[in-house]
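Asks: take this sequence and fold it.
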Amino acid sequence: MTPESVQALLTERLDATAVEVTGDGHHFYARIASPRFEGLGLLARHRLVKDSVKPELDSGELHALSLEKTLTPAEWAAL
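Replies: Reported below is the predicted structural model:
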């Protein structure tokens, strides 16, 4: 997978308003803003993201995804 393909997956599956992905093809790092994070704590946000890419993680197509930031759109705008 490429950073762009991971970004597209996260954008689509999380209705994300902003996604930044970096990585080397094996390990990716993501910063995500999504309205679906409203009212959720950090662990619930991370679980939501990991669940959204579970098929790719289970198949090995996506080896590792580290979440640097999982923010609501308002939190992202305040950065």
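Asks: and the strands in the protein?
Replies: For the chain, the strands defined by DSSP state E cover 18-23, 27-33, 64-71.
Asks: residue 12 is nearest to which of those strands?
Replies: With Cβ to Cβ, the closest approach to residue 12 among the strands of the chain belongs to strand 18-23: 9.8 Å. Where C-beta positions appear, they are placed from N, C-alpha and C, glycine not excepted.
Asks: out of the strands of the chain, which one sits most buried?
Replies: Of all those, strand 27-33 has the most neighbours on average by mean count of other Cβ atoms under 10 Å, namely a mean of 20.
Asks: does residue 9 touch residue 52 like I think?
Replies: Yes: contact criterion Cβ atoms under 8 Å: residue 9 and residue 52 qualify, at 7.5 Å.
Asks: ranges for the helices of the chain?
Replies: Along the chain, counting by DSSP state H, helices occupy 3-14, 42-52, 54-59, 73-77.
Asks: those: which one's closest to residue 67?
Replies: Checked against Cβ to Cβ, the stretch from the helices of the chain lying closest is helix 42-52, at 5.4 Å.
Asks: mind giving me the packing neighbours of the closest one?
Replies: Secondary-structure packing of helix 42-52 (3 or more Cβ pairs under 8 Å, 6 or more residues apart in numbering; DSSP states H and E): helix 3-14, strand 64-71.
Asks: redo these as JSON lines? Include distance to residue 29 and mean pLDDT.
Replies: Below are the helices and strands packed on helix 42-52 laid out as JSON lines (distance: least, Cβ to Cβ, whole Å; pLDDT from 0 to 100):
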{"stretch": "helix 3-14", "distance to residue 29": "9", "mean pLDDT": "98"}
{"stretch": "strand 64-71", "distance to residue 29": "5", "mean pLDDT": "98"}
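Asks: please consider this matter closed, and thank you.
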